[in-house]
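Enquirer: Return atomic coordinates for the entry below.
(one chain, ligands or ions: 2)
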Amino acid sequence: MIEQTLFIIKPDAYKEKLVGKIVTKIEESGFKIIKMTLKKLTRKEAENLYYVHRDRDFFEPLVLFILEAPIIALILERENAIEHLRGVIGKTNPKESEPGTIRALYGTNKSRNAVHASDSKESFIREVSVLFPSYSIT
Ligand code: CDP
Ligand code: MG
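Expert: Ligands and ions are numbered 1, 2, ... in the order given. Next up is the predicted model:
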């Protein structure tokens, strides 16, 4: 089934000038770019994006991290996009990620891990509402 997912290049990767390499890897992994934007989030947008983690002890550091610099958000499309992209990015902790995954290549640690990908259709819908508020999911 062709589906869409949401992908974010986080501030650590942006500051390290890894955007081009990461987007190349995404395209080589069979994804079509449907939407792409660079933006500096507001505090409210950052909190909404990570709403599910609001009670975790890493929530405040995570919000501050995502506000460090602009992020690049993309809506991507391919067969089985959500599950496939999670495989391409690797595990939350880059040190536990398969060699060749984006986090293994470009992440630093389990907080500063270069990229984000939706983990479910429900997350995709919430994340799109924060990052592409005028986009209507079909
Ligand atoms: O991003 P992913 O879905 O792999 O992991 P998550 O458990 O949904 O956590 C979201 C983000 O919070 C991670 O990508 C990390 O940036 C951050 N995090 C953290 O700083 N410390 C943790 N122990 C877990 C997550
Ligand atoms: Mg997650």
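Enquirer: C-alpha from now on. contacts and neighbour counts both.
Expert: Fine.
Enquirer: So which residues of this protein form helices?
Expert: Shown for the chain, the helices assigned by DSSP state H span residues 11-15, 19-28, 43-49, 59-66, 81-89, 102-106, 121-131.
Enquirer: any chance of those helices in CSV, with mean pLDDT too?
Expert: As requested, the helices of the chain are exported to CSV (pLDDT from 0 to 100):
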stretch, mean pLDDT
helix 11-15, 99
helix 19-28, 98
helix 43-49, 98
helix 59-66, 98
helix 81-89, 98
helix 102-106, 98
helix 121-131, 98
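Enquirer: can you put these in CSV and add mean neighbour count?
Expert: CSV is the format used below for those (neighbours: other C-alpha atoms under 10 Å):
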stretch, mean neighbour count
helix 11-15, 20
helix 19-28, 14
helix 43-49, 17
helix 59-66, 16
helix 81-89, 20
helix 102-106, 23
helix 121-131, 18
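Enquirer: Which one, of the ones you listed, ends up nearest to Arg112?
Expert: helix 11-15 (6.5 Å; C-alpha to C-alpha).
Enquirer: That closest one packs against which elements?
Expert: Identification of packing neighbours for helix 11-15 by 3 or more C-alpha pairs under 8 Å, 6 or more residues apart in numbering; DSSP states H and E yields strand 71-79.
Enquirer: coming back round to it: out of the helices of the chain, which gets nearest to ligand 1?
Expert: Closest to ligand 1 of the helices of the chain is helix 59-66 (C-alpha to the nearest ligand atom; 5.5 Å).
Enquirer: Just name whatever secondary elements that closest one is in contact with.
Expert: helix 43-49.
Enquirer: other SSEs contacting the helix it packs on?
Expert: For helix 43-49, the packing partners by 3+ C-alpha pairs under 8 Å, 6+ apart come out as helix 59-66, helix 121-131.
Enquirer: Please tabulate those in a markdown table and include distance to Glu16 as additional columns.
Expert: A markdown table is the format used below for those (distance: least, C-alpha to C-alpha, whole Å):
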| stretch | distance to Glu16 |
| --- | --- |
| helix 59-66 | 14 |
| helix 121-131 | 22 |
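Enquirer: contacting residues around Glu77?
Expert: Contacts were defined as C-alpha atoms under 8 Å, 6 or more residues apart in numbering; by that measure Glu77 touches 2-5, 31-34.
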